[in-house]
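> just the structure for this:
(chains A and B)
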Amino acid sequence: SAVISQKPSRDICQRGTSLTIQCQVDSQVTMMFWYRQQPGQSLTLIATANQGSEATYESGFVIDKFPISRPNLTFSTLTVSNMSPEDSSIYLCSVFNRGTTEAFFGQGTRLTVV
Amino acid sequence: SQKIEQNSEALNIQEGKTATLTCNYTNYSPAYLQWYRQDPGRGPVFLLLIRENEKEKRKERLKVTFDTTLKQSLFHITASQPADSATYLCALDLVRAGGGADGLTFGKGTHLIIQP
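Numbers count the residues shown, from 1 in each chain, chains lettered A, B, ... in the order given. As a prediction, this is how the structure comes out:
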């Protein structure tokens, strides 16, 4: 199993500003994933963060809006840039165990943009 | 495009009864299907995985079936308890062109309420 610590757990931000979300895993993992969960919606994969290379973004998500860092095998950050109220959502960090094909999630960051 | 459907309406079940949740998918040939539980303000927690060559999987009071012909999975909670109240998410491996699965695709989830 993996224990994932994510912070902040929640924040209220002004539109036009940026917020960086941190994700710390208690073990080394190759891939980390960032998801968004809008109210009443499913989790949507934003990007896959690999250590030592650029993140891979899903359709509809771009690096300029959601820059990701992955400096080592236990840590990643997601920045939500130039925020608008439409970015209000829960952002979740996740790791994937290929052996058991089980995903582990952080507790999420609840972002409200005003 | 790939699509996963779960009952969007909340499901109300009397305590002690069996709760059955449905997950349907289209345009997929998943190698496996997973079920997660999500409580308010928390990230999803893995419950069960069932592979494409398995018809049924059990874990304590949980049972999952997987019908690749119908493209459907059923998730059962027997002897349901108020503590089982949560949102239950179905997830499939995200199949990429060229092979290799990275990440998961989730349904919207079904909100289950077990009434005492």
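
> what's near enough to touch the closest residue to chain B within chain A?
Scanning chain A for the residue nearest chain B gives A:Phe105, at 3.1 Å (criterion: Cβ to the nearest Cβ). Every residue, glycine included, has its C-beta placed from N, CA and C. For A:Phe105, the contacting residues are A:Ile4, A:Tyr35, A:Leu92, A:Cys93, A:Ser94, B:Gly43, B:Pro44, B:Val45, by Cβ atoms under 8 Å, 6 or more residues apart in numbering or on different chains.

> swap in A:Ser42?
B:Ile4, B:Leu89, B:Phe106, B:Gly107, B:Lys108, B:Gly109.

> circling back to that earlier point, and of the contacts of A:Phe105, the nearest to B:Thr22?
B:Pro44 (18.0 Å; Cβ to Cβ).

> and for the closest one, the neighbour number?
28 (other Cβ atoms under 10 Å in any protein chain shown).

> A:Asn50 now?
Residues near A:Asn50, counting by other Cβ under 10 Å: 17.

> how about the strands in the chain?
This is for chain A. Taking DSSP state E as the test, the strands found in chain A are A:4-7, A:10-13, A:19-25, A:31-37, A:43-50, A:56-57, A:68-72, A:75-80, A:89-97, A:102-105, A:109-113.

> switch to chain B, please.
Secondary structure of chain B (DSSP E): strands at B:3-6, B:11-14, B:19-26, B:32-38, B:45-51, B:56-59, B:62-67, B:72-77, B:86-95, B:101-106, B:110-115.

> adding mean neighbour count, write the ones you listed out as JSON lines.
Shown next, in JSON lines, are those (neighbours: other Cβ atoms under 10 Å in any protein chain shown):
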{"stretch": "strand B:3-6", "mean neighbour count": "18"}
{"stretch": "strand B:11-14", "mean neighbour count": "14"}
{"stretch": "strand B:19-26", "mean neighbour count": "19"}
{"stretch": "strand B:32-38", "mean neighbour count": "22"}
{"stretch": "strand B:45-51", "mean neighbour count": "17"}
{"stretch": "strand B:56-59", "mean neighbour count": "12"}
{"stretch": "strand B:62-67", "mean neighbour count": "18"}
{"stretch": "strand B:72-77", "mean neighbour count": "20"}
{"stretch": "strand B:86-95", "mean neighbour count": "22"}
{"stretch": "strand B:101-106", "mean neighbour count": "22"}
{"stretch": "strand B:110-115", "mean neighbour count": "18"}
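
> let me have the ones you listed in CSV, extended by distance to chain A and mean pLDDT.
Below are the strands of chain B laid out as CSV (distance: least, Cβ to the nearest Cβ, whole Å; pLDDT from 0 to 100):
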stretch, distance to chain A, mean pLDDT
strand B:3-6, 7, 89
strand B:11-14, 15, 96
strand B:19-26, 11, 94
strand B:32-38, 6, 92
strand B:45-51, 5, 92
strand B:56-59, 13, 95
strand B:62-67, 14, 95
strand B:72-77, 15, 96
strand B:86-95, 7, 85
strand B:101-106, 4, 72
strand B:110-115, 10, 96
